[in-house]
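S.K.: Predicted structure and sequence below. I'll ask about it afterward.
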Amino acid sequence: MSNAVPGGLTVAAFNAWRATLSAACASLIGIGFARFAYTALLPAIIGAHWFAPATAAYLGAANLGGYLAGALGARVLARRAANVTILRAMMLLAVAAFFACAWPISFAWFFGWRFASGFAGGVLMVTAAPSVLAHVSASRRGIVSGAIFAGVGLGIAASGTLVPLLLRQGLAQTWIGLGMLSLVLTAIAWRGWPANPAVAASPGTTVHPEHRPDSPLALRSLYVEYALNAVALVPHMIFLVDYVARGLGKGLDAGANYWVLYGLGAIVGPVFTGHLADRIGFARALRVAYVAQMCAVVLPALGLGLPALIVSSIVMGAFTPGIVPLVLGRANELLAHHPASQKAAWSTATTSFATLQAGAAYGLSFLFAATSGNYSLLFLVGGAAMAIGLLVNVSSARLARARRTQCHAASNATVAPHASRR
């Protein structure tokens with residue numbers, strides 16, 4: 001008897017893609033909506049006199065702080081509850097935060113719920129994708145992880161399209177609308193999570209020598225690269241709209257149009273990078289990503305005109321979520337023979353990213369104020385961070401090759417005397 005379901009997919013394939021949909025819903029709610037919708041809501045919050053401009057900015061930072069706490073706390077939660085329970089609880093927490101933010105009772109109330117939404121996003125980022133990828137064949141993990149993190153891109157696009165439409169009904173109604181939509185997505189994801197624990201990698205799995213973690217060097221390098229990549233993303237994430245609107249004098253409508261381009265890039269970015277990784281490997285795909293970002297992030301500072309700015313917006317938008325499946329896949333690749341350590345490695349990578357992202361947001365904001373609004377300097381700092389990340393990547397790979405060569409030579413020297421005795 002066939003185990004196919006309508007549409008020709010096997011039951012196993014159907015469950016895998018349903019789990020992928022669940023994880024995509026989690027990334028859309030926890031990161032896409034919870035973080036990026038606030039960017040579009042910020043002017044309305046200030047305009048409605050809910051909070052003063054400086055206070056509203058701190059409320060934006062509350063989400064980043066909660067995200068860092070969630071990334072750190074995910075492993076603690078994993079020791080106390082099942083993955084499915086954690087995932088469902090965090091999606092519900094994010095939903096509750098949307099509804100709670102419809103009533104600006106006080107600064108502490110709003111700050112607490114913004115922090116809670118960030119915490120939920122951090123836990124979901126660490127937990128959701130690994131829970132699904134553990135049940136996906138290695139040859140398909142790139143495209144599946146790309147589909148999962150496309151949810152982040154959808155949230156970025158929605159912040160420039162859906163949120164302005166909801167705001168026509170009112171600010172409180174917008175928060176409620178986001179809560180209702182997130183509740184629907186939670187219901188869609190509810191029964192799609194894999195219930196059984198992850199299985200260990202097959203003993204027969206072969207790993208390319210480049211991927212074997214002969215020392216912690218490769219993983220530590222990956223953490224540093226991912227953190228520096230976070231710095232490179234911040235100029236566009238925070239200043240792109242303002243740069244177009246005020247820096248170039250094009251107005252808010254033009255700024256919003258470039259944010260939509262950024263969001264469109266974010267939708268296709270994870271799927272593209274995931275597919276690329278399946279074709280050329282995660283290590284090479286990461287290097288391609290670093291080079292592309294290093295070039296794209298500095299384009300606004302070079303004064304090459306609007307076409308270059310369009311390219312910059314789309315490329316940096318693509319890699320905002322697109323870098324995530326590459327780093328996750330590379331971490332899993334390096335720990336292919338140690339599957340129990342993969343989630344801990346991903347948690348550490350997410351924490352390093354969140355830490356430097358929050359630090360860069362504050363640091364670049366300070367630099368912007370100290371230089372009387374020098375936008376070009378912000379984009380150049382992003383390019384420098386990505387150049388350092390690429391240098392770390394290349395240096396780490398060369399050191400790893402040198403160590404393997406030394407080990408191989410030492411092994412041959414040990415074997416040679418025994419062979420001569422025979």
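M.R.: Perfect, thanks for sending it.

S.K.: Could you use CA atoms for every contact and neighbour count after this?
M.R.: OK.

S.K.: Show me the shaky parts of the stretch 101-250 of the chain.
M.R.: The model of the stretch 101-250 of the chain has pLDDT under 70 over residues 196-215.

S.K.: Helices along that one, start to end?
M.R.: Along the stretch 101-250 of the chain, the segments classed as helices by DSSP state H, counting those that start in this stretch run 107-133, 141-167, 171-189, 217-242.

S.K.: Output those as a markdown table; include the columns distance to Ala385 and mean neighbour count.
M.R.: Formatted as a markdown table, the helices of the stretch 101-250 of the chain follow (distance: least, C-alpha to C-alpha, whole Å; neighbours: other C-alpha atoms under 10 Å):
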| stretch | distance to Ala385 | mean neighbour count |
| --- | --- | --- |
| helix 107-133 | 23 | 25 |
| helix 141-167 | 23 | 25 |
| helix 171-189 | 34 | 20 |
| helix 217-242 | 5 | 22 |
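
S.K.: Of all the ones you listed, which one is nearest Ala19?
M.R.: Among those, the nearest to Ala19 by C-alpha to C-alpha is helix 107-133 (6.2 Å).

S.K.: and that closest one, what other elements does it pack with?
M.R.: Under the contact definition 3 or more C-alpha pairs under 8 Å, 6 or more residues apart in numbering; DSSP states H and E, helix 107-133 sits against helix 11-27, helix 53-78, helix 83-100, helix 141-167, helix 342-370.

S.K.: re the thing from before, okay, the helices of the stretch 101-250 of the chain in CSV with distance to Ala296 next?
M.R.: Shown next, in CSV, are these (distance: least, C-alpha to C-alpha, whole Å):
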stretch, distance to Ala296
helix 107-133, 26
helix 141-167, 18
helix 171-189, 32
helix 217-242, 10
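
S.K.: Tell me how many other residues crowd Phe366.
M.R.: For Phe366, the neighbour count with other C-alpha atoms under 10 Å is 12.

S.K.: Next: Ala318.
M.R.: Using other C-alpha under 10 Å, Ala318 has 28 neighbouring residues.

S.K.: Show me which residues of the helix or strand containing it are buried.
M.R.: For Ala318, the element it lies in under DSSP states H and E is helix 306-334. By 16 or more other C-alpha atoms under 10 Å, the buried positions in helix 306-334 come out as 309-334.

S.K.: One more: stretch 50-61?
M.R.: 50-51, 56, 59-61.

S.K.: between these, which is nearest Gly30?
M.R.: Gly60 (14.5 Å).

S.K.: Would you check that that closest one makes contact with Tyr38?
M.R.: Yes - contact criterion C-alpha atoms under 8 Å: Gly60 and Tyr38 qualify, at 7.1 Å.
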